[in-house]
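Colleague: pasting a predicted model and its sequence here:
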Amino acid sequence: MKNKDKLLEVKNLRTYFDTRRGLAKAVDGVSFDIYKGETLGIVGESGCGKSITSLSILNLVPQPKGKIYGGEILLHRDNDEVIDIAKLKRTGKKMKDIRRKDTAMIFQDPMSSLSPVYTVGSQIMEGIMLSHDVNKSEARKRAIEMLRKVGISPAEQRINDYPYQLSGGMNQRAMIAVALSSNPSLLIADEPTTALDVTVEAQILELMEDLQQEYKMSIMFISHDLDVIGEISDRVVVMYTGKVVEVAEVEDLFYNPSHPYTQGLLQSIPKIGRKKELEPISGSVPQIYNLPDACHFAPRCPYKMDICTKKEPPVFDVGEGHQSKCWLYEEGGKRNER
Amino acid sequence: MKNNSSDSKITKDEDIVMSNPFKAKSHWQLMWEEFKNHKLAMGGIIVLILLYVSALFAGFLTPYNPNERFSEFPNIAPMQIKIFDDNGLTAPYVHPIVGQRNMETLAMEYTVDQSQQIPVNFLYKSDDAYNFLGLFKTNLKLFGSDETQIFLFGTDGLGRDIFTRTIHGARLSLTVGLVGIAVSLILGLFFGGISGYLGGMVDNFIQRVIEFTLAIPKIPLWMGLGAALPQDWSVIQVYFAITVILSLTGWVSMARVLRGQILSLKEEDFVKAARAAGAKSGRIISKHLIPNCMSYILVNLTLAIPGMIIGETALSFLGLGLKAPAVSWGVLLQEAQNVRAVAQYPWYFIPGVFVIVAVLAFNFVGDGLRDAADPYH
Amino acid sequence: MLNFILRRTLIIIPMIILISMISFLIITLPPGSYIDSYLANLQQMGGEIEQSRADTIKERYGLNDPIYLQYWKWVKGFPRGDFGMAFSEERPVINIIQERIGYTILISTLTLLFTWILSIPIGIYSAVKQYSFGDYVFTFFGFLGVSIPNFLLAIIIMFVGLRFFGINLSGLMPVQYMGEPWGLSKILAVLQRIWVPVVVVGTAGMAGLIRIMRAEMLDQLRQPYIQMARSKGVDEIKVIIKYAARIAVNPLISTIGWLLPQIISGGTIAGIVLGLPTLGPKLYNALKIQDMYLAGTIIFFNIVLILIGTLLSDILLALVDPRIRYD
């Protein structure tokens, strides 16, 4: 770990959706920390609650059905101020201040994440003017600089382009420029490369790593793609049905996965030169309505035990900075070998 | 942002059955479930059933013949059937109309005498024989009285009972929309179907025709065509001519909806499969495409009926549609053309209330159907 | 952009020709025409002048010619502004059009503005506060608006004015102002009444517009760029107006295509009931007595007004939505 200062502590976060089919526990008791300067990867299948977790951090859970029901999201600011975002009013002044200065977010679909009727430049300038006390011409100068940094050239001309005049990859760069224009301490990237070609994906990941060095910010990187997560993350949080099932440093996770779900995920990645056949996880993600108080992975788990379907497993320490939410580790982290 | 809670996919066995395309029955069931929760739409359905049933049994429900004149009772205000008097609950009664000679003008004046109570007779044998549902002749009426006339909605300037006329008027006014919509549906299905299915030049041509028709203001067009109807045509002839006039613009929206639906459905796998299996165009349209558009067609039909009702009412109101002795709401509202008359005899406007209620009910039902057919919007 | 405008304008020309045909068709459908009785009248007088005048009229309108020649003889005067004669008033049709089309355009434009100015904020409100009490109230009133036929609403408003306020709301101005030159007091008098047709016709289109605006807003509010804007810390009100509503109104501009026919249509009947100096009442009279060239020309102008309005809305849409311009 480069730095042990915590930037964000998420404690027992619960974000539920009140839908017609019942209460959907999209995020149910999630806890993790983000340290300053690190990249935390969050991985899981679609529907596991990773996006809702990220939206909860910005207090932008879709209204009116979604709501943070409990837990804490503690943001540590540079001036030692600690703010619990979960307690803030969604549209309140403090929350807006945090969004303007401390956090930023980039989204999956670059084409629809920028307003089609304003130029890229004006959308970057808006971010700059909201976070810094500068006038329009200064904001414009900084916006051009920003575009250059994300590799859009010629920046002086592209600043007047509308999003539909740019390619998907260029739009993603533009969105990063908008997000970083506020010089945030935390950048949340929700599947930022999923909609892009593989070659462009690599460029964007590289760009993000470069910018992270330059801005010294933390990145919370959300993806369903373990390859991408492995490439960019320092630590990884694995989520399943709204719960964190495993937390580990990236190498630890890939070489020594502890949770059966993580193991399953790793075995289902195709790799060149791999001898063994792919082993998909059997079954599929259950719907998050009325799930029992038990391990939700149990129906798909090859190591299922009696207790798994009766009682929800707590989080066990299985190594340094490595936790697993699985009954297999009940006795001092010893794993029952196959 | 995607709502994570909704994209999780299900593959429990019973759910797999749900997602295959042979789900016509469950689709309608789902639609009904959804529709039932729409309170305004359910209210609308009830109102419509009441209106159509009243129109059907108009002869029985109303005490008079719609064109019967009580020339001694012009412009009588609506009378109430009361069930409470000073002694509390009592058998239904009315205050009778009594004639009195005005000693100054020497004219007879008819007023409601609040001091007298005349009981209302139910299942009353009247002088007016009518044809019950076209089955047999009878003179049995829901209510009436030997001792006084009962004008629930008052009378018009010629002493005709507005209640009787309004209920009878529903027959023409409420069916003109149905017949008109049937004609529109046939035209719309035909042109929309071939436009969406064949595409290319045909589609292009029909699209231009549709666009052009949409740009024509309805009322002036209807007025022009209404004025062209020969004066000596019978009520039935005029009635059908009007439904055709209304359908000339009505088919367009139907055709558009259908074309849009078909264009999107055409790309669906089950249609491609049918074509690959060698099914003919006509069969694909009628067996696969139209059944899949049914709910949209139904919504569109329901929402188009009120426009037709308003069209007939407006034309007849202007004297360019149905004419006396035909009795429709528009014909009745001709009496209300003069605002001073309405100000003096507000009950002239009662048929107008019926128009508004019927149209509102259709709109509510249509809205409920629209929400039910497309629950994700 | 100029290219775009030019292209759109050119499409209108064949449309206008088509409209003239349809207008002619409608007025030649009914058997008999006012001209017949007019000619019969002339011939009854029997004088030489009358006889030659009758012959001139027959020749001018090709009354003894086949129908396509009659049509041609009518429309070939159009470019010169000759739309034929209004025989019931014994003056050229164009004079009547000139007198009245201004009021028709004025009332239609005001109605369009009225409908938009009310339905845009209501649509935004209903979307932002989806399923709230206010949302239901507006939806209900919207439905009431579509469900009351224009002419009944006109009667209701006039009835209320007369019965409860003792004011006569028919016409566009009190009798004493007619024929007077325009002055402040005349303008005020007109303003006191012009809202009646505007409200009567406007309410009919409101529900449709509110529904579209609401649906568009809901659609836009779900778009990722809204969350992106929020994540930047943009004020919520700005997110709604500057981001969501700015795009949601675009499709509203293209509703002019169906709103305008509805307004002209409703304006015709409202004009008749309210006795306005617009084209509607003249059309009504002309149709009733079969004064064919007057009726035909009014129908023609009504549709042409709609075409021009739609053209303007297309251009406006291209101006506000950069995506269309670059197509």
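Modeller: Perfect, I can see it now. Bear in mind that the values here come from a model prediction, so they are computed numbers and not experimental data.

Colleague: residues contacting whichever residue of the stretch 201-338 of chain A sits closest to chain C?
Modeller: Proximity of the stretch 201-338 of chain A to chain C (C-beta to the nearest C-beta) peaks at A:Met220, 12.6 Å away. The way it works is simple: take the backbone N, C-alpha and C, and place the C-beta from them, glycine included. Counting by C-beta atoms under 8 Å, 6 or more residues apart in numbering or on different chains, A:Met220 touches A:8, A:34, A:39-40, A:42, A:54, A:57, A:186-189.

Colleague: do A:Gln108 as well
Modeller: So A:Gln108 contacts A:190-192, A:194-195, B:2, C:224 (C-beta under 8 Å, 6+ apart).

Colleague: for it, which non-adjacent residue is spatially closest?
Modeller: A:Glu191 (4.1 Å; C-beta to C-beta, 6 or more residues apart in numbering or on different chains).

Colleague: likewise B:Asn67?
Modeller: B:Pro325 (5.6 Å).

Colleague: okay, that neighbour and B:Leu318: tell me how far apart.
Modeller: Distance of B:Pro325 to B:Leu318, computed by C-beta to C-beta, to the nearest Å: 18 Å.

Colleague: which one's more surrounded, the two?
Modeller: B:Leu318 (25 against 9; other C-beta atoms under 10 Å in any protein chain shown).

Colleague: surely the more buried one is in contact with C:Asn285?
Modeller: No: in this structure B:Leu318 lies outside contact range of C:Asn285 using C-beta atoms under 8 Å: 11.1 Å.

Colleague: how far away is C:Gly208 from B:Leu152?
Modeller: 36 Å.

Colleague: now the strands: where do they sit in the stretch 51-200 of chain C?
Modeller: Ranges of strands in the stretch 51-200 of chain C, per DSSP state E, counting those that start in this stretch, are C:85-86, C:91-92.

Colleague: what do you get for the stretch 51-200 of chain B?
Modeller: B:82-85, B:88-94, B:97-101, B:108-112, B:118-119, B:121-132, B:136-144.

Colleague: how about the stretch 1-150 of chain A?
Modeller: Going by DSSP E, counting those that start in this stretch, the stretch 1-150 of chain A shows strands at A:6-19, A:22-35, A:39-43, A:66-76, A:82-84, A:103-106.

Colleague: most tightly packed of these?
Modeller: strand A:103-106 (a mean of 28; mean count of other C-beta atoms under 10 Å in any protein chain shown).

Colleague: show the average pLDDT along that one.
Modeller: For strand A:103-106, the mean pLDDT works out to 94.

Colleague: and residue 153, how many neighbours?
Modeller: Since you didn't name a chain, this refers to chain A. For A:Ser153, using other C-beta under 10 Å, the count is 10.

Colleague: sorry, I should have been clearer: chain C.
Modeller: 23.

Colleague: swap in B:Ile49?
Modeller: 11.

Colleague: helix or strand for it, which one?
Modeller: helix B:39-56 (DSSP states H and E).

Colleague: buried stuff in that helix?
Modeller: For helix B:39-56, burial by neighbour count (16 or more other C-beta atoms under 10 Å in any protein chain shown) applies to B:40-41, B:44-45, B:47-48, B:51-52, B:54-55.

Colleague: what does that helix contact?
Modeller: Here helix B:39-56 has contacts from B:35-36, B:61, B:133, B:167-168, B:170-171, B:174-175, B:354, B:357-358, B:360-365, B:367-369, B:371, C:140, using C-beta under 8 Å, 6+ apart.

Colleague: around chain A, pick out the residues from chain C.
Modeller: C:130-131, C:223-225, C:227-236, C:243, C:246-247, C:320-323, C:326 (C-beta under 8 Å from any C-beta of the partner chain).

Colleague: report the closest residue of chain A relative to chain B.
Modeller: For chain A, C-beta to the nearest C-beta, closest residue to chain B: A:Gly47, 3.3 Å.

Colleague: any chance of TSV for the buried residues of helix B:39-56, columns distance to A:Ile124 and pLDDT?
Modeller: Output for the buried residues of helix B:39-56, formatted as TSV (distance: C-beta to C-beta, whole Å; pLDDT from 0 to 100):
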residue	distance to A:Ile124	pLDDT
B:Leu40	47	86
B:Ala41	48	90
B:Gly44	51	94
B:Ile45	54	94
B:Val47	56	96
B:Leu48	56	95
B:Leu51	61	96
B:Tyr52	62	95
B:Ser54	66	94
B:Ala55	66	93
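
Colleague: between those residues, which sits nearest chain C?
Modeller: Distances from chain C to these, taken by C-beta to the nearest C-beta, are shortest for B:Leu40, at 7.8 Å.

Colleague: what about A:Glu45, how many residues close to it?
Modeller: 18.

Colleague: contacting residues for it?
Modeller: A:Glu45 touches A:224, A:240, A:285, counting by C-beta under 8 Å, 6+ apart.

Colleague: who's in contact with B:Ala107?
Modeller: B:Ala107 touches B:Arg101, counting by C-beta under 8 Å, 6+ apart.

Colleague: pretty sure A:Tyr16 contacts A:Gly49?
Modeller: No: when contacts are counted by C-beta under 8 Å, A:Tyr16 is not listed as touching A:Gly49 (10.4 Å).

Colleague: which element is C:Pro31 on?
Modeller: Assigned by DSSP H and E, C:Pro31 falls outside every helix and strand.

Colleague: residues near it, how many?
Modeller: Neighbours of C:Pro31 (other C-beta under 10 Å): 10.

Colleague: contacting residues around it?
Modeller: C:Pro31 neighbours (C-beta under 8 Å, 6+ apart): B:Pro230.

Colleague: kindly report the same for A:Gln123.
Modeller: Counting by C-beta under 8 Å, 6+ apart, A:Gln123 has contacts A:114-115, A:174, A:178.

Colleague: of the residues you listed, which are in range of chain B?
Modeller: Okay, of the contacts of A:Gln123, nothing touches chain B (C-beta under 8 Å from any C-beta).

Colleague: quick one: the helices in the stretch 151-300 of chain B, in order.
Modeller: B:162-198, B:200-215, B:218-227, B:235-266, B:269-276, B:281-283, B:290-317 (DSSP state H, counting those that start in this stretch).

Colleague: including mean neighbour count and mean pLDDT, could those go into a markdown table?
Modeller: Listed next are these as a markdown table, based on neighbours: other C-beta atoms under 10 Å in any protein chain shown; pLDDT from 0 to 100:
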| stretch | mean neighbour count | mean pLDDT |
| --- | --- | --- |
| helix B:162-198 | 22 | 89 |
| helix B:200-215 | 15 | 86 |
| helix B:218-227 | 26 | 90 |
| helix B:235-266 | 21 | 85 |
| helix B:269-276 | 13 | 77 |
| helix B:281-283 | 12 | 73 |
| helix B:290-317 | 23 | 85 |
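
Colleague: to chain A, which of these lies closest?
Modeller: helix B:290-317 (19.9 Å).

Colleague: wait, B:Met79 sits on B:Ile150?
Modeller: Yes: assessed by C-beta under 8 Å, B:Met79 is found in contact with B:Ile150 at 6.0 Å.

Colleague: in the chain, where is pLDDT below threshold?
Modeller: With no chain named, the answer covers chain A. Chain A contains residues with pLDDT under 70 at A:1-4, A:273-276, A:332-338.

Colleague: switch to chain C, that's the one I care about
Modeller: C:322-327.

Colleague: and the longest helix for it?
Modeller: The longest helix of chain C (DSSP state H) is helix C:184-221.
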